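Enquirer: just coords:
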């Protein structure tokens, strides 16, 4: 007597159950040979929307190359990192940075309006370091950003604090103990995309200066541990999976955007994007180590994580769901001064990790060559 109502209830709940499987039309793009699984799938109902291109406050400002004024470092007081710009370039960039980072707060977000040269507002000290970081990325990390480059807008998008950042989770290891959910973590949106994987793969992969103990590798290349490297544990593997899922979610792509499922570790079957990502990991590590972490004592408690570290960047900070930030739109063409370094660059600007990829076989070298422009 109760079968009909029960069947009706089950049928009524079926759409809700299938909703979790992301039903609906998909866009499929084949990126490799047939039978290799090299395809990209995109859910049409979950595609990121168009990006807003800023410029309301500065696009109508036309600079006369023959009348840019004197160097800003000589004209203004306490200009420490943009003194090589001419005054007209400097003023236009300040207007742009205000729109990129603090359109509601205005200039006073970084400056004391009674004394613009003062460093008493902590955000001015932070902004100075971030400008150094931006210029260093555009000059020293072209293997990742190419000629598209980055500006403050790439991460901030009109907000004082970027929408995507991370801090060290002091409880991540405790959550993995046997007394906490039987060795699994709570599924969360960030960083492991709702999977039951480690909460904090970032500290090991994009913060530590010597990540040799945490190599991103799931399957070994020999029956024995590699020289100078301890044997990878199951926890290491889970951390790698969590980090790779962060990659996929941040760029809005599948694993095959970089890897061939025939062998994830084999560079000969990988796409050129894998080499670009290789440089991206090191670029982000350089930014976190040499520009953001040194500001720890400058930030107030409200801008620090539970472990006392500052808000740091990862793939999502720039990409925000797209394999090319802002769909590949370049703002550096409008601000070429952010793509050059002053003649006497501070030592902290030069990265220390721009070496060739770890794989040394000829196939890996070829993959990097494909992704790296000549010169």
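Expert: Yes, it's here. Values in this document were obtained by computation on a predicted structure and should not be read as measured data.
Enquirer: what sits against residue 250?
Expert: Residue 250 makes contacts with 164, 314-316, 319-321, as judged by Cβ atoms under 8 Å, 6 or more residues apart in numbering. Quick note: C-beta positions are derived from backbone N, CA and C, even for glycine.
Enquirer: Pull up the gap between it and residue 81, please.
Expert: In this view, residue 250 and residue 81 are 29 Å apart by Cβ to Cβ, to the nearest Å.
Enquirer: Endpoint to endpoint, stretch 72-86 covers what distance?
Expert: In stretch 72-86, first residue to last residue: 5 Å (Cα to Cα, to the nearest Å).
Enquirer: List the buried residues in it.
Expert: For stretch 72-86, burial by neighbour count (16 or more other Cβ atoms under 10 Å) applies to 72-73, 76, 79, 81-86.
Enquirer: Report pLDDT for the most centrally placed residue in the chain.
Expert: Centroid-nearest residue in the chain: residue 315, 2.5 Å away (criterion: Cα atoms, centre = their mean). According to the prediction, residue 315 has pLDDT 95.
Enquirer: which one is it nearest to, not counting chain neighbours?
Expert: In this structure, residue 315 finds its nearest non-sequential neighbour in residue 250, 3.8 Å apart by Cβ to Cβ, 6 or more residues apart in numbering.
Enquirer: quick one, phi/psi of the one you found?
Expert: phi -70, psi -40 (degrees, to the nearest 10).
Enquirer: show me where the chain has strands.
Expert: For the chain, strands defined by DSSP state E occupy the ranges 26-30, 39-43.
Enquirer: Turn the ones you listed into CSV, including mean neighbour count and distance to residue 117.
Expert: Converted to CSV, the strands of the chain look like this (neighbours: other Cβ atoms under 10 Å; distance: least, Cβ to Cβ, whole Å):
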stretch, mean neighbour count, distance to residue 117
strand 26-30, 11, 53
strand 39-43, 14, 50
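Enquirer: Could I get those in TSV, plus columns for distance to residue 134 and mean pLDDT?
Expert: Formatted as TSV, these follow (distance: least, Cβ to Cβ, whole Å; pLDDT from 0 to 100):
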stretch	distance to residue 134	mean pLDDT
strand 26-30	32	77
strand 39-43	30	76
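Enquirer: For those strands, give me JSON lines that also has distance to residue 62.
Expert: JSON lines is the format used below for those (distance: least, Cβ to Cβ, whole Å):
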{"stretch": "strand 26-30", "distance to residue 62": "41"}
{"stretch": "strand 39-43", "distance to residue 62": "40"}
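Enquirer: Indicate which one of the ones you listed is closest to residue 246.
Expert: Nearest to residue 246, of all the strands of the chain, is strand 39-43, at 17.7 Å by Cβ to Cβ.
Enquirer: Might you quantify the distance of that closest one from its chain's geometric centre?
Expert: Computed by Cα atoms, centre = their mean, to the nearest Å, the chain-centroid distance of strand 39-43 equals 21 Å.
Enquirer: Can you list the strands that that strand pairs with?
Expert: Sheet pairing of strand 39-43 (DSSP bridges) gives strand 26-30 (antiparallel).
Enquirer: quick one: residue 266 and residue 36 touch, right?
Expert: No. Using Cβ atoms under 8 Å, residue 266 is not in contact with residue 36, being 11.8 Å away.
Enquirer: which residues are in contact with both of the two?
Expert: Contacts common to residue 266 and residue 36, judged by Cβ under 8 Å, 6+ apart, are residue 260.
Enquirer: what's the burial count for residue 33?
Expert: 10 (other Cβ atoms under 10 Å).
Enquirer: Please report phi then psi for it.
Expert: Here residue 33 shows phi and psi, under degrees, to the nearest 10, equal to phi -70, psi 150.
Enquirer: and it, what pLDDT?
Expert: 73.
Enquirer: And it, how far from residue 273?
Expert: Residue 33 is 17 Å from residue 273, where distance means Cβ to Cβ.
Enquirer: Please apply the same query to residue 147.
Expert: Applying Cβ to Cβ, the value for residue 147 to residue 273 is 17 Å.
Enquirer: now swap in residue 124 and tell me
Expert: From residue 124 across to residue 273, the span is 37 Å (Cβ to Cβ).
Enquirer: okay, the buried residues of stretch 72-86 in a markdown table with pLDDT and distance to residue 337 next?
Expert: Below are the buried residues of stretch 72-86 laid out as a markdown table (pLDDT from 0 to 100; distance: Cβ to Cβ, whole Å):
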| residue | pLDDT | distance to residue 337 |
| --- | --- | --- |
| 72 | 96 | 10 |
| 73 | 94 | 13 |
| 76 | 96 | 15 |
| 79 | 96 | 13 |
| 81 | 94 | 11 |
| 82 | 96 | 8 |
| 83 | 95 | 12 |
| 84 | 94 | 8 |
| 85 | 96 | 5 |
| 86 | 96 | 9 |
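Enquirer: Can I get those in TSV including distance to residue 204?
Expert: As requested, these are exported to TSV (distance: Cβ to Cβ, whole Å):
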residue	distance to residue 204
72	41
73	40
76	42
79	38
81	31
82	35
83	38
84	37
85	38
86	44
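Enquirer: can you tell me which of those residues are in helices?
Expert: Cross-referencing the buried residues of stretch 72-86 against helices under DSSP state H gives 72-73.
Enquirer: Show me the two of the buried residues of stretch 72-86 that sit farthest apart.
Expert: 81 and 86 (14.9 Å).
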